[in-house]
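Peer 1: Pasted the sequence and its predicted model underneath.
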Amino acid sequence: MRLKIKKRLKGKEEDFVLDVDISVKDGSIITIFGKSGAGKTTILRAIAGLTDVDEGFIEVSGHVWFDSEKGIDLPPHKREVGFVFQDYALFPNMTVEENIAFGMKDKDTAFLEEILELTELSHLRNRMPDTLSGGQKQRVALARAVARKPEILLLDEPLSALDYETRKKLQDELIKIHRRFSLTTVIISHDFSEVFRLSDTVFVLDKGKILKSGKPEDIFIQERISGKVKFSGTVLSVEEDETVFIVSVLIGNNVVKVIADPEEAENLQKGDTVIVATKAFNPFLLKT
Ligand SMILES: Nc1ncnc2c1ncn2[C@@H]1O[C@H](COP(=O)(O)OP(=O)(O)OP(=O)(O)O)[C@@H](O)[C@H]1O
């Protein structure tokens with residue numbers, strides 16, 4: 001996928017230019033991470049053809065959808081896009097199965113069955129959307145997007161309205177779907193652990209420009225942790241202790257206990273990989 005776009009945007013205080021040039025291998029999962037108003041949603045809308053772009057070039061799986069120099073600008077229905085928004089946007093008067101089948105180009109029942117199974121929706125196929133939980137609704141939205149057999153999957157903060165457990169489950173589902181279809185996937189996310197878990201490459205966007213890009217581990221370490229010493233470990237337990245949480249982390253053969261505030265602890269569970277960092281490093285050495 002090559003995405004090179006320029007568009008003047010109205011910012012909160014002043015106008016700015018969205019100016020990005022992203023090139024990734026087809027089949028990758030990338031995340032766009034950035035503050036509110038940075039231009040993240042506009043990027044997805046530009047790919048889908050839902051917003052005009054001043055100039056640029058958009059190519060997905062070898063197909064050119066937009067090229068301002070050559071005057072190419074495919075309308076949204078000609079761009080093979082699966083879009084999932086934060087707010088589900090299901091058809092309220094259709095069953096789960098009808099919602100998923102709606103976007104399908106051909107009546108491929110075997111494929112529909114596979115998607116229902118993959119997203120664990122088979123048993124809910126005859127339910128109406130308003131009888132579903134948030135997580136189930138979002139699984140339907142995801143299944144519907146994939147059922148179109150798109151060339152690219154665009155996910156605009158798809159999990160942010162869900163609680164932690166449900167989010168984790170849907171992340172697993174997304175990974176499963178990605179493994180099965182190798183779909184180029186662009187995710188917008190504010191959630192650090194999500195970026196870490198899901199993406200091959202993260203692009204940090206600020207006021208319309210890509211500040212940096214790379215593997216989540218690299219960006220994560222540079223962005224969040226500038227400590228003098230860092231270790232990577234596995235969370236063994238998260239225990240509440242009055243107003244704070246005690247997180248036990250296995251580093252090598254040692255268990256280190258780290259105090260975390262409720263917000264940090266909410267995003268952690270047994271088995272997560274974390275980085276333990278400290279700025280004040282004043283060790284003593286014991287010969288063994
Ligand atoms: N068609 C448009 N023309 C001009 N400005 C626009 C247009 N669409 C959006 N904007 C402006 O561009 C800025 C970026 O909007 P965008 O929705 O892309 O940000 P975002 O990074 O997705 O933010 P959030 O995380 O809050 O959703 C906003 O200030 C918005 O008002």
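Peer 2: Looks like it arrived, so ask away.
Peer 1: From here on, just use CA atoms for contacts and neighbour counts.
Peer 2: Fine.
Peer 1: where exactly do the helices run in the chain?
Peer 2: Along the chain, counting by DSSP state H, helices occupy 40-48, 96-102, 109-118, 134-147, 164-181, 192-198, 216-224, 262-266.
Peer 1: Need those helices in CSV (columns: mean pLDDT and mean neighbour count).
Peer 2: Converted to CSV, the helices of the chain look like this (pLDDT from 0 to 100; neighbours: other CA atoms under 10 Å):
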stretch, mean pLDDT, mean neighbour count
helix 40-48, 96, 22
helix 96-102, 95, 22
helix 109-118, 93, 15
helix 134-147, 93, 24
helix 164-181, 87, 16
helix 192-198, 80, 18
helix 216-224, 69, 15
helix 262-266, 84, 13
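Peer 1: Show me the one of these that comes nearest the ligand.
Peer 2: Ranking these by proximity to the ligand (CA to the nearest ligand atom) places helix 40-48 first, at 3.6 Å.
Peer 1: That closest one and the ligand, are they touching?
Peer 2: Yes - shown here: helix 40-48 in contact with the ligand (CA under 6 Å from any ligand atom) through Lys40, Thr41, Thr42.
Peer 1: What is the nearest of those to Asp87?
Peer 2: Thr41 (13.8 Å; CA to CA).
Peer 1: and Asp21, bridged to which residues?
Peer 2: Lys4 (DSSP bridges).
Peer 1: got CSV for the helices of the chain, with distance to Ile251 too?
Peer 2: Shown next, in CSV, are the helices of the chain (distance: least, CA to CA, whole Å):
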stretch, distance to Ile251
helix 40-48, 36
helix 96-102, 45
helix 109-118, 35
helix 134-147, 34
helix 164-181, 24
helix 192-198, 19
helix 216-224, 17
helix 262-266, 18
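Peer 1: Grab the nearest non-local neighbour of Ile100.
Peer 2: Nearest residue to Ile100, sequence neighbours excluded (CA to CA, 6 or more residues apart in numbering): Arg144, at 4.1 Å.
Peer 1: The one you found and Phe91, how far apart?
Peer 2: Counting by CA to CA, to the nearest Å, the gap from Arg144 to Phe91 is 11 Å.
Peer 1: Mutual contacts of these two, please.
Peer 2: With contacts defined as CA atoms under 8 Å, 6 or more residues apart in numbering, the residues shared by Arg144 and Phe91 are Asn99.
Peer 1: what's near enough to touch Val65?
Peer 2: Not Val; residue 65 is Trp. Per CA under 8 Å, 6+ apart, neighbours of Trp65: Phe57, Ile58, Glu59, Ile72, Asp73, Leu74, Arg79.
Peer 1: Could I get the pLDDT score of it?
Peer 2: pLDDT recorded at Trp65 is 97.
Peer 1: same check, this time on Thr288
Peer 2: pLDDT, read off for Thr288, is 68.
Peer 1: Check Val229 too.
Peer 2: 71.
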